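**Student:** Provided below for reference: sequence and predicted model.
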Amino acid sequence: MEQGLALLLALSLGLLQPGRSQPLRVEPPEPVVALAIGASRQFTCSLACARGTAAVRWRGLDTNLGAVRSEAGGSVLSVRNASLSAAGTRVCVGSCGDRTFQHTVRLLVYAFPDQLTVSPATLVPGRDQEVACTAHGISPAGPDALFFSLLLGNRELEGVQALGREEEEEDPEETEDLLFRVTKRWLLPPLGTPTPTTLHCQATMRLPGLELSHRRALPAPGPRPEERPPPAALWTGSLVLGLLLMPPLAYRLWRRCRPPPATPARPPASLWLLPVRD
């Protein structure tokens, strides 16, 4: 803490000379670096002196600095398995004789897993309906970092009305970091049948030097209510009625199709002509 305050005082008094011509070589050179939660990154800083040996070391400003390995003319800062608490400012300070130089790096740690859920389970064509898209396990969750959009094909869907945005903390028992689930809701205009292309919800994380997106398809619209097949109860009733009508119909069909009764054969005519004996 005291070391950080001393460094801030030195910066404010101009004792550390940033300047464009500073000989510090830092990798990565960007002033802001975004790192995914659980990932690792090394920051190297070196200084070459025309005379003597440079003293170089990474320092932190009220943050979890990380592992530092310093040697003559250079220093390596290692951030391993980054948590949200690792975010903050690091400063590389180097000196040659009575000249001192510094380079500041702000580390951002983010969480943006591919965990999107959408609702409702089925879209109904021909009517207005509310749709929602939720991103889980997010940090940072503010509207300046996380953006939502509805895409029809590869273009943003027009005519939708934003209904609001909600941020809630995830279950703290599942992770040590403070993560959020963020939900965006829209009022979707009536869709035709069939929908020409697939409708997607897209969530985008934008940080300095970083832009990532995840998509999740919304369910395809089902048939209109008047086009839906009869419910199961109607099918059951029709089946029972058919079984009740089957015996009378079968009996009628049997009577029509049965063969005519056989006619008894007459004796030949010669039998009628035999003489009668007394």
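**Tutor:** The structure has been received and is ready for your questions.
**Student:** is it true that residue 94 touches residue 102?
**Tutor:** Yes - contact criterion Cβ atoms under 8 Å: residue 94 and residue 102 qualify, at 7.5 Å. C-beta: built from backbone N, CA, C; applies to glycine.
**Student:** overlap of the contact sets of the two?
**Tutor:** Common contacts of residue 94 and residue 102, defined by Cβ atoms under 8 Å, 6 or more residues apart in numbering, comprise residue 24.
**Student:** tell me which of those two has more neighbours.
**Tutor:** Using other Cβ atoms under 10 Å as the criterion, residue 94 and residue 102 rank with residue 94 on top: 27 against 21.
**Student:** immediately after the host helix or strand of that one, which helix or strand?
**Tutor:** Counting by DSSP states H and E, the element that carries residue 94 is strand 88-96. Using DSSP H and E, the helix or strand that follows strand 88-96 in sequence is strand 99-110.
**Student:** could you list the buried residues of that following strand?
**Tutor:** 101-110 (16 or more other Cβ atoms under 10 Å).
**Student:** name the helices or strands packed onto it?
**Tutor:** strand 32-36, strand 88-96, strand 199-207 (3 or more Cβ pairs under 8 Å, 6 or more residues apart in numbering; DSSP states H and E).
**Student:** tell me what the first one is packed against?
**Tutor:** This points to strand 32-36. By 3+ Cβ pairs under 8 Å, 6+ apart, strand 32-36 packs against strand 41-46, strand 99-110.
**Student:** which one of the ones you listed lies closest to residue 61?
**Tutor:** Taking Cβ to Cβ, strand 99-110 is the member of those nearest to residue 61, at 8.6 Å.
**Student:** direction included, what does the closest one pair up with?
**Tutor:** Strand pairing for strand 99-110, using DSSP bridges, gives strand 32-36 (parallel), strand 88-96 (antiparallel).
**Student:** for residue 184, which of the ones you listed is the nearest?
**Tutor:** Closest among the strands paired with strand 99-110, using Cβ to Cβ: strand 32-36, at 22.1 Å.
**Student:** pLDDT on the closest one, on average?
**Tutor:** Strand 32-36 carries an average pLDDT of 96.
**Student:** buried residues in that strand?
**Tutor:** Buried residues in strand 32-36 (16+ other Cβ under 10 Å): 33-36.
**Student:** domain ranges for this structure?
**Tutor:** Domain ranges of the chain: 2-110, 116-224, per automatic domain parsing.
**Student:** looking at those domains, which has the lowest confidence?
**Tutor:** Among those, domain 2-110 scores lowest, at a mean of 82.
**Student:** could the buried residues of strand 32-36 go into a markdown table alongside distance to residue 52?
**Tutor:** Formatted as a markdown table, the buried residues of strand 32-36 follow (distance: Cβ to Cβ, whole Å):
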| residue | distance to residue 52 |
| --- | --- |
| 33 | 31 |
| 34 | 37 |
| 35 | 35 |
| 36 | 40 |
